[in-house]
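> Sequence first, predicted coordinates after that:
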Amino acid sequence: MHNKTLTELAAGLRSKQFSSVELTHAFLARIKQHQSLNSFVTVTEALALQQAQQADQRLASGDSSALTGIPIAQKDIFCTQGVKTTCGSKMLDNFIAPYNATVVDKFNQAGSVLLGKLNMDEFAMGSSNETSFYGATQNPWATDCVPGGSSGGSAAAVAARLAPAVTGTDTGGSIRQPAALCGITGLKPTYGRVSRYGMIAYASSLDQGGPMARSAEDAALLMQVMAGFDPKDSTSVDQSIPDYSASLNDSLQGLKIGLPKQFFSADLDSQMASTIQAAIAEYQKLGAEVVEVSMPTLDLAIPAYYVIASAECSSNLSRYDGVRFGYRCQNPADLTDLYTRSRGEAFGAEVKRRILMGTYALSAGYYDAYYLKAQQVRRLISDDFKRALSEVDVLMGPVTPSPAFKIGEKTGDPIQMYLSDIYTIAINLAGLPALSIPAGFIDQKPVGLQVIGNYFSEAKLLNIGHRYQQVTHWHQQVPKGFE
Ligand code: GLN
């Protein structure tokens with residue numbers, strides 16, 4: 001059962017090959033069997049079985065949707081009512097969310113089953129899942145390697161077949177980068193397409209939730225549930241939702257692909273470059289045209305991002321003060337001691353580093369020099385994308401500079417870690433959607449291709465991903481020991 005696609009699972013449930021309760025038991029058993037991956041922070045076994053029973057009733061009565069009875073798991077950044085929601089932090093280790101994120105509500109309405117909450121970098125800050133309070137997650141393709149981050153638990157769970165599909169969030173690459181390193185498909189939607197209500201904030205102007213699944217076809221089904229206007233999120237966009245599955249098979253004849261020169265510079269590893277070139281050649285066979293484009297501001301993305309994301313996080317994370325909710329230190333001497341020790345004891349090193357950088361960048365004497373400057377650079381980057389995407393339909397390039405790296409390899413060098421997102425971060429600054437699909441292997445480790453589209457072109461991106469997956473088999477590979 002665990003190797004079936006979402007479409008196959010939905011068909012199996014309808015033809016009574018298996019029930020949702022049986023399916024849920026099967027995945028719960030796999031999660032137990034592969035606990036050492038550390039991809040889940042919480043397994044909601046009792047809730048899952050109860051939801052599966054309800055789903056079976058809905059299926060029997062005919063009142064069902066595509067995902068009714070299908071087990072999924074949520075990144076532990078989405079608030080789940082009555083269920084621990086940690087965001088990978090000691091700060092929220094005791095936090096039981098009093099309400100559901102809109103995304104969680106939508107999956108509940110669709111009748112899907114929640115298997116549990118997935119491990120992640122603390123407050124989504126990281127590229128390797130190593131900043132999690134709950135420890136590193138292993139990459140199923142090479143268990144001594146990272147799965148990527150911050151949605152590392154999400155990507156590992158899908159790759160290891162512990163869940164058929166899951167959610168992730170992407171502030172600077174956190175859906176696409178782990179998807180690439182674990183050989184799965186991840187879509188970072190247009191900013192505003194998926195509600196951020198109840199999704200714990202890291203950098204609010206960049207954060208966006210999206211689907212992570214084995215294929216573009218499966219991701220389309222998740223996207224159908226997740227997308228849509230939400231009056232509870234002021235940055236949610238009121239725009240109609242297309243049928244994401246309807247256009248999957250559209251022809252790619254005449255598709256104009258732009259290759260940003262800056263993505264393919266001498267810095268790109270040669271094996272990486274040839275893997276990406278081979279994927280692009282596949283698109284040419286499907287009828288696409290390829291042209292080179294130049295996007296000179298791409299090099300500025302990492303510095304601009306780390307000023308903006310840190311500034312926003314320093315403000316967002318000020319709510320964790322030991323008073324209202326979350327961790328509180330023992331026996332505080334006075335109020336200042338309560339604040340400083342609660343925050344000092346419960347935030348990890350990376351989160352503290354970002355809060356300090358962000359507070360500095362926002363401070364009176366430095367605001368213009370750093371924050372304002374970074375916002376101006378952000379505009380230049382958006383303009384660069386706007387120009388490029390007026391000349392071509394989509395842009396393509398790598399997702400990551402290398403395949404999965406060893407656990408511990410980059411933890412001592414934050415700059416090296418930040419550079420893992422060099423190909424993904426600019427897209428968040430521009431608010432654009434982008435897809436990561438498996439495109440090959442280097443040293444038996446998966447590599448991803450990134451497809452960047454114009455605002456609200458998610459259906460087109462999924463179509464582009466699906467056509468490639470019809471003629472390639474990368475997305476069907478299963479890591480050894482997880483068959
Ligand atoms: N690695 C980037 C960071 O640490 C992006 C993380 C994300 O997308 N949540 O900020």
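Thanks, I have it.
> Could you use CA atoms for every contact and neighbour count after this?
OK.
> can you give me the offset of the strand or helix carrying residue 438 from its chain's centre?
Take DSSP states H and E as the rule and residue 438 turns out to sit in strand 434-442. The chain centre lies 14 Å from the centre of strand 434-442; the measure is C-alpha atoms, centre = their mean, to the nearest Å.
> Tell me which strands the helix or strand that that strand is followed by pairs with, and in which orientation.
Following strand 434-442 in sequence order, the next helix or strand is strand 445-452 (DSSP H and E). Strand 445-452 sits in its sheet next to strand 394-398 (antiparallel), strand 434-442 (antiparallel), going by DSSP bridges.
> Pick the most deeply packed of the ones you listed.
Among the strands paired with strand 445-452, strand 434-442 has the highest mean neighbour count (mean count of other C-alpha atoms under 10 Å), at a mean of 26.
> returning to what we had before: wait, which of the strands paired with strand 445-452 is closest to residue 79?
Closest approach to residue 79 among the strands paired with strand 445-452 is made by strand 434-442 (24.7 Å; C-alpha to C-alpha).
> can you tell me if the closest one touches the ligand.
No: judged by C-alpha under 6 Å from any ligand atom, strand 434-442 stays clear of the ligand, getting no closer than 12.6 Å.
> which residues are contacting that strand?
176-177, 179-180, 183-190, 215-216, 271-272, 275-276, 279, 399, 403, 427, 446-453, 458, 461-462, 465, 474-475 (C-alpha atoms under 8 Å, 6 or more residues apart in numbering).
> Of the residues you listed, select the buried ones using a PyMOL command.
Selection of the buried residues among these in PyMOL, burial being defined by 16 or more other C-alpha atoms under 10 Å:
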select buried, resi 176+177+179+180+183+184+185+186+187+188+189+190+215+216+272+275+276+279+399+403+427+446+447+448+449+450+451+452+453+458+461+462+465+474+475
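> Give me the subset of the contacts of strand 434-442 that lies in strands.
185, 186, 187, 188, 446, 447, 448, 449, 450, 451, 452 (DSSP state E).
> how about those in TSV, adding pLDDT and distance to the ligand?
Listed next are those as TSV, based on pLDDT from 0 to 100; distance: C-alpha to the nearest ligand atom, whole Å:
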residue	pLDDT	distance to the ligand
185	98	16
186	98	12
187	99	12
188	98	10
446	98	19
447	98	17
448	98	16
449	98	17
450	98	15
451	98	17
452	98	16
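> residues from the stretch 51-200 of the chain in reach of the ligand?
Residues of the stretch 51-200 of the chain lying near the ligand (C-alpha under 6 Å from any ligand atom): 124, 125, 126, 127, 150, 170, 171, 172, 173, 174.
> The spatially closest residue to the last one that is not a sequence neighbour: neighbour count?
Closest residue to residue 174 in three dimensions, ignoring its sequence neighbours and counting by C-alpha to C-alpha, 6 or more residues apart in numbering: residue 150, at 4.9 Å. By other C-alpha atoms under 10 Å, 35 other residues sit near residue 150.
> Next: residue 445.
For residue 445, the neighbour count with other C-alpha under 10 Å is 21.
> And the residue of the chain positioned farthest from its centre, which helix or strand is it part of?
Note on the chain: the largest C-alpha distance from the chain mean falls to residue 333, namely 40.9 Å (C-alpha atoms, centre = their mean). Of the helices and strands defined by DSSP H and E, none includes residue 333.
> Report the contact partners of it.
Taking C-alpha under 8 Å, 6+ apart, one finds nothing in contact with residue 333.
> Run through the helices of the stretch 51-200 of the chain in chain order.
102-110, 152-159, 176-182 (DSSP state H, counting those that start in this stretch).
> Kindly reformat those as JSON lines containing mean pLDDT.
Output for the helices of the stretch 51-200 of the chain, formatted as JSON lines (pLDDT from 0 to 100):
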{"stretch": "helix 102-110", "mean pLDDT": "98"}
{"stretch": "helix 152-159", "mean pLDDT": "98"}
{"stretch": "helix 176-182", "mean pLDDT": "98"}
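> close enough to count as contact, residue 377 and residue 300?
Yes: with contact defined as C-alpha atoms under 8 Å, residue 377 reaches residue 300; the gap is 7.2 Å.
> what about those two, which has more around it?
In this view residue 377 and residue 300 are compared by other C-alpha under 10 Å, and residue 377 has more residues nearby, 20 against 16.
> in what helix or strand does the more buried one lie?
With DSSP H and E as the test, residue 377 turns up in helix 373-391.
> Extract the C-alpha trace of the strand holding residue 438 and format it as PDB.
Extracted C-alpha coordinates of strand 434-442, given in PDB (Å, rounded to 0.1, in the frame of the first residue of the first chain):
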ATOM      1  CA  ALA A 434       8.700  27.400  -7.900                       C
ATOM      2  CA  LEU A 435       8.700  23.600  -8.200                       C
ATOM      3  CA  SER A 436      11.500  21.200  -7.300                       C
ATOM      4  CA  ILE A 437      11.400  17.800  -9.000                       C
ATOM      5  CA  PRO A 438      13.800  14.800  -8.900                       C
ATOM      6  CA  ALA A 439      16.200  15.000 -11.900                       C
ATOM      7  CA  GLY A 440      18.800  12.400 -11.300                       C
ATOM      8  CA  PHE A 441      21.400  11.100  -8.900                       C
ATOM      9  CA  ILE A 442      25.000  12.000  -8.000                       C
END
